[in-house]
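Participant: Return atomic coordinates for the entry below.
(one chain, ligands or ions: 1)
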Amino acid sequence: MSPEVWVAAILGASVGAIVTASVVHLRRKRAAIAATLVPHRTRQLMSVLQAGAVIIRRDRRSAFSNNAAGALGVARVDGALNGDVADLAEEAWRREEPVEAEIAVQRGVLSTPRFVHVRVVPLDEDLCLALANDNTDMRAAEQSRRDFAVNVSHELKTPIGALSLLAETIEEGADDPEMVRKFAKKMRKESRRLTKLIQEIIEISRLQGAGSVVEHEDLQLDGVVHEAVEAARLGADARQIRIVTDIKARPTVLGDRDLLVMALRNLIDNAVQYSDERSEVAVAVGARDGVASVTVVDRGIGIEPKDQERIFERFYRADPARARDTGGTGLGLSIVKHIAHQHSGSVSLWSEPGVGSTFTFKLSVHQEES
Ligand code: ADP
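Facilitator: Residues are numbered from 1 along each chain as shown. So this is what the prediction gives:
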């Protein structure tokens, strides 16, 4: 090797060593500053907080942040701070009072933003404390409540509008008894629809409300199924549809009788509504590995794959025109889903257009009898 190369190599190695040493020194210095700025006890306290907590420095970096702040994407352990939080801190210093705001935190280009509520309190000239809480779920719940209110008023408008039109027509043709009879019949149908809609809206609001509405008692599942079948019998008879029951087991479940009857009746009513006249609907009760199940099988119109994911949503109808014709509200399956959840159970679906549908309602067995 030539002397020039030796000199260059030695120089390179020395520069590398100096740079490494300065980085290590800088890190130590930063840690030492953080330790001085944020005493050990304070850091311990911040670490146990459920909320994200960050001590912010004047240079828009964090002196210390807890794990929750990292998980929320508000601050990183290396001191990097979310820009919006740093802006809030500057505002808090400027105004010399706490400031708060909701910020959208996007972690990675593919993820959806989380909505984080941040409150920043100036501690002194050099430090601010920020507390951060995830508001995303609360926001989603609020949006869902708003959507529900909008949907309810929209859904109520249709039958109320129809009733008013029908009444007007009757008024105009009062001297034609045949016409009065025809439209009065239509009015009865619309008011039945309206009553069903209102009852279901009340039911779903109750089921969605905070806490549990379930009155737990020991129930024989086959007895509950029997009650639901009897309730659905009238509608089935009107369409000459036979309901066949198959009791393979008699499990006992813990639950609210009225709610379970309502859920199963909704499934049977649908099976009847969406089947051809003079066909058959089968309802079976079984129990296996601690899980009790009720299956409702029809050979009706079936449900398209694209609708299968959505039919449990409030007011969703696969075929709005047909559902309206059958008096459907689009709330029945949503009620079934809520009742299943209130009982720590589930409801699932298999369906093929033109072949039929099978809905399976599952609950935990409380005590099994053979
Ligand atoms: P609806 O009161 O309209 O019946 P549901 O919530 O009970 O409301 O059902 C939602 C939609 O799912 C219905 O409008 C219908 O399109 C579809 N659906 C439900 N059950 C069945 C079934 N057994 N066969 C075919 N389609 C069904």
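Participant: For this protein, which segments count as helices?
Facilitator: Counting by DSSP state H, the chain has helices at residues 3-37, 40-47, 67-72, 83-95, 136-172, 177-208, 221-238, 257-273, 305-308, 320-325, 332-342.
Participant: okay, those helices in CSV with mean neighbour count next?
Facilitator: Any C-beta I mention is one placed from the backbone N, CA and C, and that applies to glycine too. Formatted as CSV, the helices of the chain follow (neighbours: other C-beta atoms under 10 Å):
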stretch, mean neighbour count
helix 3-37, 11
helix 40-47, 13
helix 67-72, 19
helix 83-95, 18
helix 136-172, 13
helix 177-208, 15
helix 221-238, 18
helix 257-273, 23
helix 305-308, 12
helix 320-325, 12
helix 332-342, 21
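Participant: So for the ligand, which of the ones you listed sits nearest?
Facilitator: Among the helices of the chain, helix 332-342 comes nearest to the ligand, with 2.6 Å by C-beta to the nearest ligand atom.
Participant: and the angle from the closest one to helix 257-273?
Facilitator: Helix 332-342 and helix 257-273 are oriented at 150 degrees to each other (axes from the mean of the first three to the mean of the last three C-alpha atoms, to 10 degrees).
Participant: Quickly list the domain ranges of this structure.
Facilitator: Using automatic domain parsing, the domain parsing of the chain gives 38-134, 136-209, 213-370.
Participant: buried ones in stretch 346-353?
Facilitator: For stretch 346-353, the neighbour count (16 or more other C-beta atoms under 10 Å) marks 347, 351 as buried.
Participant: returning to that earlier point: any chance of TSV for the domains of the chain, columns mean pLDDT?
Facilitator: Formatted as TSV, those follow (pLDDT from 0 to 100):
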stretch	mean pLDDT
domain 38-134	93
domain 136-209	90
domain 213-370	92
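Participant: Nearest approach to residue 296 belongs to which of the helices of the chain?
Facilitator: Nearest to residue 296 among those is helix 257-273 (4.3 Å), distances taken as C-beta to C-beta.
Participant: what angle separates the closest one from helix 177-208?
Facilitator: Between the axes of helix 257-273 and helix 177-208, defined by the same axes, to 10 degrees, the angle is 130 degrees.
Participant: Wondering if helix 257-273 reaches the ligand at all.
Facilitator: Yes. Applying C-beta under 6 Å from any ligand atom, one finds helix 257-273 touching the ligand at 266, 270-271.
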